[in-house]
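Enquirer: give me a 3D structure for the following:
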Amino acid sequence: MIRTLVLITGLLTAFTLPAATTTGTIAVQLVIYSRCNVQAVSSLERPVIDCGQHFSAQPRVTSEAYPGDANSRITERLVTVEW
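Expert: Next up, the predicted model:
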């Protein structure tokens, strides 16, 4: 029993020792665009959103039309903006 505990302790120490001596750095850059321009061209089209003139900063815009009441002829739209 004591031999088993000593063996397990030795193995755990041997496996954790290289992790404690490993070092390194990670280069990370975060760019935050504080201003976005939203332009609704017409009620039938998706709005145009411009955030900082950079491709990766542009949100994903989706639009879905839902048929309304047959009597009122009003169509509802759901516009979703995802960053």
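Enquirer: measure stretch 45-56 end to end?
Expert: 22 Å (CA to CA, to the nearest Å).
Enquirer: quick one: it to chain centroid distance?
Expert: Its chain's C-alpha centre and that of stretch 45-56 lie 17 Å apart, by CA atoms, centre = their mean, to the nearest Å.
Enquirer: what is the mean pLDDT for that stretch?
Expert: For stretch 45-56, mean pLDDT is 76.
Enquirer: repeat that for stretch 24-31.
Expert: On average, stretch 24-31 scores 83.
Enquirer: what lies in contact with it?
Expert: With CB atoms under 8 Å, 6 or more residues apart in numbering as the test, stretch 24-31 has contacts from 54, 57. Every C-beta, even on glycine, is put in place using the N, C-alpha and C of the backbone.
Enquirer: restricting to C-alpha, output that stretch in PDB.
Expert: Extracted C-alpha coordinates of stretch 24-31, given in PDB (Å, rounded to 0.1, in the frame of the first residue of the first chain):
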ATOM      1  CA  GLY A  24       5.700  31.900 -23.100                       C
ATOM      2  CA  THR A  25       3.800  34.900 -24.400                       C
ATOM      3  CA  ILE A  26       0.700  35.400 -26.500                       C
ATOM      4  CA  ALA A  27       0.400  38.400 -28.600                       C
ATOM      5  CA  VAL A  28      -3.200  39.700 -28.600                       C
ATOM      6  CA  GLN A  29      -4.600  42.900 -30.000                       C
ATOM      7  CA  LEU A  30      -8.100  44.300 -29.300                       C
ATOM      8  CA  VAL A  31      -9.500  47.100 -31.400                       C
END
